[in-house]
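**Student:** what follows is a predicted protein model with its sequence.
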Amino acid sequence: MSSRIASIARRVCIVLACVLVAIFGLGMLAAIAIPAYRDFTIRSQVTEGLALAQPLKTAVDATFRTSGNVPADLTAAGLPPDRPEGKYVDSVDLTDGRVDIRYGKAADAALAGRVLSLTPYAVDAPTADEPPLAWRCGAGPEPVGASRALSEYRPGSLALDLPRFVPSSCKP
């Protein structure tokens, strides 16, 4: 009888050890997956801001093609005076040709209050297929073929403080 109880006790110990190993393994997976998912989520929030900035970039390009100057603000670019906003973006503003994306609202706490800037540069010799402007995103390199910045260059706090969340073209 005692050998039977000992056999049962051994089996219970083996099962418990297997359960503990499984719980440990799940814990390790969670420790890796949760931060990776958070980074993915923040990057998608940054992408929303870049998508909201696209119409402003197009308007700056059109204004520069027709007048040779970048617009001072949204209305000078032929856009409504209301700043675009989104679920994670407080505003997208146009300041002397530079597009500033300010994150907030439902954005992750790491993004809240941070800015990513897109600075226009004049292209030396644009072809018929190329626009006369190229854009510098955040702390990214100056665009190839660009001769000069058309507005004050500011990378924005997001590109400087949290470069892992911006697209590779916006990184130094």
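**Tutor:** Done, it's in. What you are looking at is a predicted structure, and each value in this text was computed from that prediction instead of being measured.
**Student:** CA only for contacts and neighbour counts going forward, please
**Tutor:** OK.
**Student:** next secondary structure after the helix or strand bottoming out on mean pLDDT in the chain?
**Tutor:** When each helix and strand of the chain is scored by mean pLDDT, DSSP states H and E, helix 2-67 comes last, with a mean of 85. On the C-terminal side of helix 2-67, the closest following helix or strand by DSSP states H and E is strand 89-95.
**Student:** right, and the helix or strand after that following strand?
**Tutor:** Moving toward the C-terminus from strand 89-95, the next helix or strand (DSSP H and E) is strand 98-103.
**Student:** quick check: mean pLDDT across stretch 82-93?
**Tutor:** The average pLDDT within stretch 82-93 is 94.
**Student:** go on, stretch 112-123?
**Tutor:** Stretch 112-123 carries an average pLDDT of 94.
**Student:** could you point out the longest strand of this structure?
**Tutor:** Using DSSP state E, we find that the single longest strand of the chain is strand 115-123.
**Student:** given it, what are its sheet partners and their directions?
**Tutor:** As defined by DSSP bridges, the strand partners of strand 115-123 come to strand 98-103 (antiparallel), strand 133-137 (antiparallel), strand 146-149 (antiparallel).
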